[in-house]
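sequence? don't have it. structure:
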């Protein structure tokens, strides 16, 4: 994102003579390119997912709950590497990130959407990554995609 | 009403949703219904709203964890329509946990099949059964609870009074 300018305008505040200042931030392409907003939101969610994983990496035990098993640092690292690849990699651009959670056995689950499909990447505690694709609630593809972390 | 009575389709069930199951886009992760790899041997735990408040489920029935949790309400009919059974499983009080007469289990979602394809699909469909909004969040530390009627506080007060006179 490149900010190209700021401006202060005024809009009516409800009383005839009074206007309140509104700061306008102009960003490259923001007004004309709908893809720009989508791309920026994608970057925001990916960054938030990585932030959450980094917090877990510092203290994996903090995640533990009655229903939640602590993830391993190896699994968390695998998930972070995958997300960092997505931040820059062109082949991943079609995926809309939704968030990260901890699943059975402390596996890290990275949730995405692409068109009408939901895509999960599960990083197990040993760093193995599996891809699961769902369509209308049905599992249509399940495949290991290697090891990371 | 007996805790062993079958669960009626019009009942509501409560399920704890840890904060980490709320995704960055605000939706609930299907892993909220993923069985624990060891603790859910007999099935996934839910609580009958007819017996328990969200506060009890979100705060009083926790053993582990310091993060906030939410409580989801699910209509029993939504679970039954997925072909799942819900069995009443009332729990007696233990030394560190109050009685849970409204505890129930979904046996099809258990530790042994936690990673099965069908479990992944069911967890995803159960998310759609959740009534919005979630209740909470509940911190394990929570607001101060009223002192028990015959608790330590009362006994201590009597002790102080005796000492002072």
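Arrived safely, thanks for sending. Since the model is a prediction, treat every value here as computed from it, not as a measurement. Numbers count the residues shown, from 1 in each chain, chains lettered A, B, ... in the order given.

Where do the strands of chain B begin and end?
Assigned strands in chain B, in chain order: B:12-18, B:44-48, B:69-75, B:87-88, B:103-106, B:130-138 (criterion: DSSP state E).

And the lengthiest helix in chain A, what's buried?
Counting residues, the longest helix found in chain A (DSSP state H) is helix A:34-58. The neighbour-count criterion (16 or more other Cβ atoms under 10 Å in any protein chain shown) identifies A:42, A:45-46, A:48-50, A:52-53, A:56-57 as the buried residues of helix A:34-58. Backbone N, C-alpha and C define where each C-beta goes, glycine included.

Do a quick rundown of the helices in the chain.
Answering for chain A, as no chain was given. Under DSSP H, chain A gives helices at A:34-58, A:73-88.

that's the wrong chain, I wanted chain B
Counting by DSSP H, the helices of chain B are B:54-55, B:76-80, B:117-127, B:152-164.

among these, which gets the worst mean confidence?
Of all these, mean pLDDT reaches its minimum on helix B:152-164 (a mean of 31).

With respect to burial, which of the strands of chain B scores highest?
strand B:44-48 (a mean of 25; mean count of other Cβ atoms under 10 Å in any protein chain shown).

Just give me how far that one sits from the chain centre.
Centroid separation between strand B:44-48 and its chain, computed with Cα atoms, centre = their mean, to the nearest Å, is 6 Å.

ditto for stretch B:51-65
With Cα atoms, centre = their mean, you get 6 Å for stretch B:51-65.

right, is it up against chain A?
Yes: Stretch B:51-65 is in contact with chain A by Cβ under 8 Å from any Cβ of the partner chain, via B:62-65.

So for that stretch, what gets flagged as buried?
Going by 16+ other Cβ under 10 Å, stretch B:51-65 has these buried residues: B:51-52, B:54-62, B:65.

Any buried residues in stretch A:108-126, and which?
Neighbour-count burial for stretch A:108-126 [16+ other Cβ under 10 Å]: A:108-113, A:118-125.

What separates the first and last residues of that stretch, distance-wise?
End-to-end distance for stretch A:108-126, by Cα to Cα, to the nearest Å: 11 Å.

quick revisit: which of the residues of stretch B:51-65 next to chain A sit farthest apart?
B:63 and B:65 (8.0 Å; Cβ to Cβ).

what residues are shared contacts of those two?
Taking Cβ atoms under 8 Å, 6 or more residues apart in numbering or on different chains as the criterion, residue B:63 and residue B:65 both touch residue A:66.

Who are the contact partners of the closest residue to chain A within chain B?
For chain B, the residue closest to chain A is residue B:23, as judged by Cβ to the nearest Cβ, at 2.6 Å. Counting by Cβ under 8 Å, 6+ apart, residue B:23 makes contact with A:98-101, A:111, B:29.

Of all pairs in those, which one spans the longest distance?
Using Cβ to Cβ, the contacts of residue B:23 reach their maximum pairwise distance at A:98 and A:101, which is 9.7 Å.

Looking at those two, which is more packed in?
Taking other Cβ atoms under 10 Å in any protein chain shown, residue A:98 and residue A:101 do not tie; residue A:101 has more neighbours (28 against 21).

ok, that one to chain B distance?
For residue A:101, the distance to chain B equals 4 Å [Cβ to the nearest Cβ, to the nearest Å].
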